[in-house]
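Student: Next comes the sequence, and after it the predicted model I'd like to discuss.
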Amino acid sequence: MKQLVVNYLARHQHPANVLLHVVGVPLTFAAAAIYLLLDAWWWALGSFILGYALQFLGHAIEGNDAGEMIVIKKLLGKPYIAVIARPEKPNVDSLGG
C-alpha cells in the first residue's frame, strides 16, 4: 500500500494536476454513482466523462501518461512516460546568508 501512495505522489506533483484530480476523481466515481442511483443516466455519463477528462488534462499538464494509457501502451509494446523528473527545489537552509 505504501508503494502505491509513493507512486501516486510521484506521478501527481504539478499543482494543476493535483487540483484537477481533486475535482475529477469524485466526479468520475462518486458523482456518477449518485446520479446512477437517482436514475439520472445522462448526468451519470456526463460526470464520468468530465471527471476523466479533467484527470487526463492534469496528466497532460504534468507531462506524463495517465495510468490507463500506460497499461494500454504496455500491452501494445509502445513507450510511455510514467513519471517526469522534476528539478529539486533548493534547500533554503543551505543557501547561507
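Tutor: It's in.

Student: Which strand or helix spans the closest residue to Ala31 other than its chain neighbours?
Tutor: Nearest residue to Ala31, sequence neighbours excluded (CB to CB, 6 or more residues apart in numbering): Ser47, at 4.1 Å. The way it works is simple: take the backbone N, C-alpha and C, and place the C-beta from them, glycine included. Assessed by DSSP states H and E, Ser47 sits inside helix 41-62.

Student: angle of the following helix or strand past that helix against helix 41-62?
Tutor: In the C-terminal direction, the helix or strand that comes right after helix 41-62 (DSSP H and E) is helix 67-76. Relative orientation of helix 67-76 versus helix 41-62 (axes from the mean of the first three to the mean of the last three CA atoms, to 10 degrees): 70 degrees.

Student: Buried ones in helix 67-76, by neighbour count?
Tutor: Ile70 (16 or more other CB atoms under 10 Å).

Student: hmm, who's touching the helix or strand of the chain with the lowest mean pLDDT?
Tutor: Ranked by mean pLDDT, DSSP states H and E, the weakest helix or strand in the chain is helix 2-11, scoring a mean of 89. With contacts defined as CB atoms under 8 Å, 6 or more residues apart in numbering, helix 2-11 is touched by 59, 62, 64, 67, 82-83.

Student: starting at the chain centroid, how far to that helix?
Tutor: Distance, stretch centre to chain centre, for helix 2-11: 12 Å (CA atoms, centre = their mean, to the nearest Å).

Student: Next, the angle from that helix to helix 41-62.
Tutor: Comparing the axes of helix 2-11 and helix 41-62 via the same axes, to 10 degrees yields an angle of 70 degrees.

Student: I'd like the next helix or strand past helix 2-11.
Tutor: Next along the chain after helix 2-11, with elements defined by DSSP H and E, is helix 15-26.

Student: Now the element after that next one, going C-ward?
Tutor: Downstream of helix 15-26 (by DSSP H and E), the next one is helix 32-37.
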